[in-house]
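In: quick one, what's the 3D model for this:
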Amino acid sequence: MVAIAVAGITTPLTFPLFPGFRRSSRSSQLRMSQKAGHGVITGKFELRPPPYPLDALEPHMSRSTFEYHWGKHHRAYVDNLNKQIAGTELTGKTLEDVIVATYNSGNLLPPFNNAAQVWNHDFFWESMKPGGGGKPSGEILDLINRDFGSFEEFAKEFKTAAATQFGSGWAWLTRTRTKNLLWCRVPMP
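Out: You can find the predicted model right below:
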């Protein structure tokens, strides 16, 4: 998966969580439900619908690929996360809070992996738009030309960084405080 982040904001976790996305992910927060007859309240994450029709990314992603990836893989992460956190201290927390709590506790398997993959997929779908992409303009293009020589050279290096990411993860273009651009790979466990 590939994304460009103009501002490289990181948390103490070592992987990026972006406040702008956090606001849009409120719909992925827990919905509380009560089990009939037991009086036990459990948190339940729900698979969010994509922000556009399933065929909207064609020809770059076919409808069948989208249906399979969103409807099978993404759904499995959501379903597994719900099973893993039911009845634990993670019940009632937001997705981001589950990620932080499980990462900071050193308990990376399995709730962390599934929570991180739910977040990763939510972000993935929100990062694309029909008709999106192409060459940037303005300051970001000026910085790309300065630091990589040209947009074409940047695209070549960036695609290589993304394609050589082992397993699931992201390739990011970040801007430092001194306005230097660099790319980095961030694996998802």
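In: where in this protein is pLDDT low?
Out: 1-43, 107-108, 183, 185-189 (pLDDT under 70).
In: how about the strands in it?
Out: Here the chain has its strands, by DSSP state E, at 31-34, 41-44, 169-175, 181-187.
In: can you spell out which helices and strands pack onto the third one?
Out: It stands for strand 169-175. Using 3 or more CB pairs under 8 Å, 6 or more residues apart in numbering; DSSP states H and E, the elements in contact with strand 169-175 are helix 138-148, helix 151-163, strand 181-187. The C-beta positions use only the backbone N, C-alpha and C, and glycine is treated the same way.
In: from memory residue 85 sits against residue 95, does it?
Out: No - taking CB atoms under 8 Å as the definition, residue 85 is not a contact partner of residue 95, at 10.4 Å.
In: can you give me the helices in this structure?
Out: Along the chain, the segments classed as helices by DSSP state H run 19-24, 63-68, 75-85, 95-104, 113-127, 138-148, 151-163.
In: could you identify which of the ones you listed is most buried?
Out: For those, the largest average neighbour count (mean count of other CB atoms under 10 Å) is found in helix 113-127, namely a mean of 21.
In: what's the first-to-last distance across stretch 66-77?
Out: Start-to-end span of stretch 66-77 (CA to CA, to the nearest Å) is 16 Å.
In: neighbours of residue 86, how many?
Out: Here the number of neighbours of residue 86 (other CB atoms under 10 Å) works out to 14.
In: oh, I was asking about residue 106
Out: Residues lying near residue 106 (other CB under 10 Å) number 7.
In: same deal with residue 60?
Out: Other residues near residue 60 come to 10 when the count uses other CB under 10 Å.
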